[in-house]
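> this is a predicted model, with the sequence first.
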Amino acid sequence: EPEVTQTPSHQVTQMGQEVILRCVPISNHLYFYWYRQILGQKVEFLVSFYNNEISEKSEIFDDQFSVERPDGSNFTLKIRSTKLEDSAMYFCATYSSGLDNEQFFGPGTRLTVL
Amino acid sequence: AQSVTQLGSHVSVSEGALVLLRCNYSSSVPPYLFWYVQYPNQGLQLLLKYTSAATLVKGINGFEAEFKKSETSFHLTKPSAHMSDAAEYFCAVSLGGKLIFGQGTELSVKP
């Protein structure tokens, strides 16, 4: 069964460093999302991406964040200068229109900012 | 604005007992509703979804949920809890594609 994959599974970084989280969507999916889950809290929407551009972003997704699909397969989330409060689990999700809005989630990347 | 409220951040049941996890939503349009399960240190797995077909939706692992428009509810149930059901459960509503999640309910199952 096709699945969304994410790398790395765990990333530890120093405050102020840049990180790139990677996601490989299911091959025929067209809509891509990033969500964040701070430890013990609910899952929060960050950004949606369709047709090579951002379709919507939340208040959390400030200028420190960016997304791109550099090679037509990977979907990346970049945090330019990490803060302690960026420590969280980051989930990629993808969706193909016509599947009743069902999003398929990757296993997540745990980001720890020290 | 669409939102989701899960009543009870923690529910504890005995093995074999009924599981009832509550979810209420607010939506200005007919919603797509979902229940996801998250096992410790894992990602989100879809349990079931409501997409305006049958109001009683059956999912994986013996779970089901009933959409009640009059009550704006989509509660998750399972007749008989199993130890392996211990996990975090999230209700979500779809808004323009993105998912809005509830706070989550942690389910504990006692032997």
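Sure, I can see it.
> what sits against A:I60?
Applying C-beta atoms under 8 Å, 6 or more residues apart in numbering or on different chains, we find A:I60 in contact with A:36, A:44, A:46. Just so you know, the C-beta spots here come from the backbone N, C-alpha and C atoms, and that holds for glycine as well.
> give me the neighbour count for the closest residue to B:E64 other than its chain neighbours.
The spatially closest residue to B:E64, leaving aside those adjacent along the chain, is B:K58, at 4.8 Å (C-beta to C-beta, 6 or more residues apart in numbering or on different chains). For B:K58, the count of nearby residues is 11 (other C-beta atoms under 10 Å in any protein chain shown).
> so which residues on chain B come close to chain A?
Residues of chain B lying close to chain A by C-beta under 8 Å from any C-beta of the partner chain are B:32, B:34, B:36, B:42-46, B:49, B:51, B:90, B:92, B:94, B:96-104.
> one more time with 7 Å
Proximity of chain B to chain A (C-beta under 7 Å from any C-beta of the partner chain) is limited to residues B:32, B:42-44, B:46, B:49, B:51, B:90, B:94, B:96-104.
> got a quick PyMOL command for the buried subset of these?
Selecting only the buried entries of those in PyMOL, with 16 or more other C-beta atoms under 10 Å in any protein chain shown as the criterion:
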select buried, chain B and resi 32+43+44+46+49+51+90+94+97+98+99+100+101+102+104
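> closest to the centroid, which residue in the chain?
No chain was given, so I picked chain A. Geometric centre of chain A, nearest residue: A:W34, 3.3 Å, by C-alpha atoms, centre = their mean.
> meant chain B, my bad for not saying
Residue closest to the average C-alpha location in chain B (C-alpha atoms, centre = their mean): B:W35, at 3.8 Å.
> tell me the bridge partners for that residue.
With DSSP bridges as the criterion, B:W35 is bridged to B:L48, B:C91.
> got the confidence number for it?
Note for B:W35: predicted pLDDT of 96.
> quick one: it and B:Q45 touch, right?
No. At 9.9 Å, B:W35 and B:Q45 do not qualify as touching, with contact defined as C-beta atoms under 7 Å.
> how about the nearest residue to B:K110, chain neighbours excluded?
Distances taken as C-beta to C-beta, 6+ apart place B:S14 nearest to B:K110, at 5.0 Å, with adjacent residues excluded.
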